[in-house]
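A.B. asks: A predicted structure for the sequence below; I have some questions about it.
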Amino acid sequence: MESHPSDPILLVKSLSKSFGGIKALDEVQFTLHRGEVHVLMGENGAGKSTLMKILMGLETADLGEITFAGEPWASRDVRDSLAKGISMIHQELQVVPELPVAENIFLGRESTRWLPGWLDDPGIYQKTNNLLTDLGMTLDAHAKMKYLSVAEMQMVEIAKAISHDAKIIIMDEPTSALSDKEVSTLFGIIKDLKSKGVAIIYISHKMDEIAQIADTVTVLRDGKYVGTKPASELDQNALITMMVGRTIESLFPETTGQKGEVVLSVKNLGIPGKFQDISFDLSAGEVLGLAGLMGAGRTEVARAIFGLDSLAEGTVFIKKKKVTIRSPEEAIRHGVGYVSEDRKGWGCIPGMSVQHTLSLSSLRDHLRGSLINGKSEHTAANRMVNDLHIKTASLSQSVLQLSGGNQQKVLIGKTLLAKPEIIIFDEPTRGIDIGAKHEIYKLIRQLTAGGIAILLISSELPEILGLCDRVVVLSQGRQTALLSREEMSQEKIMQHAVHS
């Protein structure tokens with residue numbers, strides 16, 4: 001652990017914030033020193049995002065005080081926070097798809113030359129190239145953001161935050177869409193920033209990252225401050241206990257279901273440029289994993305089965321009957337559900353309430369003639385909120401106002417209300433804390449015990465090993481292995497995942 005000056009650059013005391021009668025923060029405290037990586041942890045809904053929004057000027061605290069570099073301070077807006085030297089890399093990407101990389105990085109800070117209003121485009125691109133080179137990023141400054149992968153967009157967001165010459169950088173789940181190589185690059189950048197005295201507030205649910213980069217860990221629970229400890233004094237069990245207030249004996253519940261008949265069979269599926277020759281069977285009561293590195297074609301296979309993309313080759317059988325699925329509506333009619341990895345892009349409609357989001361896939365069940373029966377819809381949504389323990393102020397609350405974990409539960413509930421017999425889970429625990437992960441793992445076990453078949457896509461190998469009965473491994477769009485539970489290991493899956 002590197003030393004840092006005793007005087008904190010940021011001191012938060014007794015900070016409180018409520019939304020509609022729900023206390024998001026209740027007398028929270030937080031101390032950050034220069035050159036320190038301070039990890040902020042807690043279950044979804046613990047108050048982490050609210051605290052960061054207050055620091056960035058997106059929300060105003062009800063009570064409490066913030067001291068920056070020894071002086072009282074309260075951010076008026078994002079511009080005020082940036083001017084103070086606080087920058088944030090958001091978990092949900094904040095990009096303008098139609099603009100190039102360089103213009104995204106310097107958006108709102110464009111330099112001019114010759115005459116007022118004449119942008120210095122060469123200067124902007126030169127600055128961007130210098131910045132990307134310094135950070136070890138091989139990105140084209142002229143490339144439009146919409147053509148980049150999610151991981152590449154994330155790296156641009158990191159470059160943008162660093163370009164502000166920030167004294168404090170907030171990183172909210174920055175590795176959620178990064179490959180191992182990109183994570184290594186990011187950790188190198190963090191080490192360099194620390195050496196320059198930059199303080200990092202790092203929000204993560206990944207236990208392995210804590211040991212690699214954290215100096216200090218602060219835990220929040222239900223909006224309250226639990227404690228702050230040196231990272232060297234905390235192991236995984238101690239962290240889990242601080243976060244959820246109890247020990248979790250086994251993160252992955254034992255399997256309780258028995259495999260039944262084959263309910264989904266795919267033969268030689270292919271879409272040129274995405275994947276080819278994919279074949280597997282999925283049985284009732286089984287969890288079949290779909291593993292591979294980023295870009296291997298896992299999500300593309302799932303989207304094709306669910307009718308989001310059109311297959312060019314191959315055949316899909318459901319309960320031994322050949323089917324052609326051209327849309328999600330047809331997939332749902334055939335008993336297939338899909339929980340997307342992109343919660344905001346594909347999982348819900350911005351501004352829609354919890355109730356209406358939950359009923360999206362099952363509206364036919366709530367029709368009275370051509371009108372929606374509001375009472376029936378409300379009853380079903382309320383039951384699902386209770387069954388999945390979704391934390392929401394009311395069914396009319398916007399789903400995007402919920403924490404990431406509760407948003408994910410709403411999307412799972414939406415899928416379940418359509419009564420599927422087959423569910424595709426694509427990265428179901430991305431950006432979700434350890435307690436919420438355990439709840440979703442228990443739910444998956446309950447679903448398979450009830451005979452539902454699950455196709456599970458996950459980048460976390462412990463998740464694949466802990467939940468799956470078998471695993472299909474993809475590499476560069478090709479199927480390289482189909483492993484039984486007895487054959488599965490991290491080493492063997494990775495061996496097949498890098499096979500070309």
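C.D. replies: Now that the structure is in, tell me what you want to look at.

A.B. asks: By mean pLDDT, which helix or strand of this structure comes out lowest?
C.D. replies: Ranked by mean pLDDT, DSSP states H and E, the weakest helix or strand in the chain is strand 367-368, scoring a mean of 78.

A.B. asks: Neighbouring strands of the next helix-or-strand element following it in the sheet, and parallel or not?
C.D. replies: Downstream of strand 367-368, the next assigned helix or strand under DSSP states H and E is strand 371-372. Using DSSP bridges, the strands paired with strand 371-372 are strand 367-368 (antiparallel).

A.B. asks: got a list of contacts for the partner strand?
C.D. replies: Strand 367-368 is contacted from outside by 373, 376, using C-beta atoms under 8 Å, 6 or more residues apart in numbering. Any C-beta I mention is one placed from the backbone N, CA and C, and that applies to glycine too.

A.B. asks: How far off centre is that strand?
C.D. replies: 36 Å (C-alpha atoms, centre = their mean, to the nearest Å).

A.B. asks: likewise stretch 401-413?
C.D. replies: Here stretch 401-413 is found 11 Å from its chain centre; the criterion is C-alpha atoms, centre = their mean.

A.B. asks: buried ones in that stretch?
C.D. replies: Along stretch 401-413, these residues count as buried under the neighbour rule (16 or more other C-beta atoms under 10 Å): 402-413.

A.B. asks: Counting only helices, which of the residues you listed make the cut?
C.D. replies: Among the buried residues of stretch 401-413, the members falling in helices (DSSP state H) are 404-413.

A.B. asks: Kindly export stretch 186-196 (C-alpha atoms) in PDB.
C.D. replies: Output of stretch 186-196 as PDB, limited to C-alpha atoms (Å, rounded to 0.1, in the frame of the first residue of the first chain):
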ATOM      1  CA  LEU A 186      -6.800  -0.100 -16.600                       C
ATOM      2  CA  PHE A 187      -5.000  -1.300 -13.500                       C
ATOM      3  CA  GLY A 188      -1.700   0.000 -14.900                       C
ATOM      4  CA  ILE A 189      -3.400   3.400 -15.500                       C
ATOM      5  CA  ILE A 190      -4.700   3.400 -11.900                       C
ATOM      6  CA  LYS A 191      -1.200   2.700 -10.600                       C
ATOM      7  CA  ASP A 192       0.200   5.600 -12.700                       C
ATOM      8  CA  LEU A 193      -2.600   7.900 -11.500                       C
ATOM      9  CA  LYS A 194      -1.800   7.000  -7.800                       C
ATOM     10  CA  SER A 195       1.800   7.800  -8.300                       C
ATOM     11  CA  LYS A 196       0.800  11.300  -9.500                       C
END
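
A.B. asks: How far away from the center of its chain is that stretch?
C.D. replies: So, by C-alpha atoms, centre = their mean, the centroid of stretch 186-196 is 23 Å from its chain's centroid.

A.B. asks: Likewise for stretch 459-475?
C.D. replies: Stretch 459-475 has its C-alpha centroid displaced from the chain centroid by 18 Å (C-alpha atoms, centre = their mean).

A.B. asks: What is the end-to-end distance of it?
C.D. replies: Stretch 459-475 has its terminal residues 13 Å apart, counting by C-alpha to C-alpha, to the nearest Å.

A.B. asks: What average pLDDT does it get?
C.D. replies: Stretch 459-475 comes out with an average pLDDT of 91.

A.B. asks: List the buried residues in it.
C.D. replies: The neighbour-count check on stretch 459-475 (16+ other C-beta under 10 Å) flags 459, 461, 463-465, 467-475 as buried.

A.B. asks: pLDDT averaged over stretch 52-66 - what is it?
C.D. replies: Mean predicted confidence for stretch 52-66 is 94.

A.B. asks: What is the end-to-end distance of it?
C.D. replies: One end of stretch 52-66 to the other measures 12 Å (C-alpha to C-alpha).

A.B. asks: Now distance to Gly297 and secondary structure too, for the buried residues of stretch 459-475, in JSON lines please.
C.D. replies: Output for these, formatted as JSON lines (distance: C-beta to C-beta, whole Å; DSSP: H, G, I helix; E, B strand; the rest coil):
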{"residue": "Ser459", "distance to Gly297": "13", "secondary structure": "coil"}
{"residue": "Leu461", "distance to Gly297": "18", "secondary structure": "helix"}
{"residue": "Glu463", "distance to Gly297": "19", "secondary structure": "helix"}
{"residue": "Ile464", "distance to Gly297": "16", "secondary structure": "helix"}
{"residue": "Leu465", "distance to Gly297": "21", "secondary structure": "helix"}
{"residue": "Leu467", "distance to Gly297": "21", "secondary structure": "helix"}
{"residue": "Cys468", "distance to Gly297": "18", "secondary structure": "coil"}
{"residue": "Asp469", "distance to Gly297": "22", "secondary structure": "coil"}
{"residue": "Arg470", "distance to Gly297": "18", "secondary structure": "strand"}
{"residue": "Val471", "distance to Gly297": "15", "secondary structure": "strand"}
{"residue": "Val472", "distance to Gly297": "11", "secondary structure": "strand"}
{"residue": "Val473", "distance to Gly297": "11", "secondary structure": "strand"}
{"residue": "Leu474", "distance to Gly297": "5", "secondary structure": "strand"}
{"residue": "Ser475", "distance to Gly297": "9", "secondary structure": "strand"}
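
A.B. asks: Understood, closing this out.
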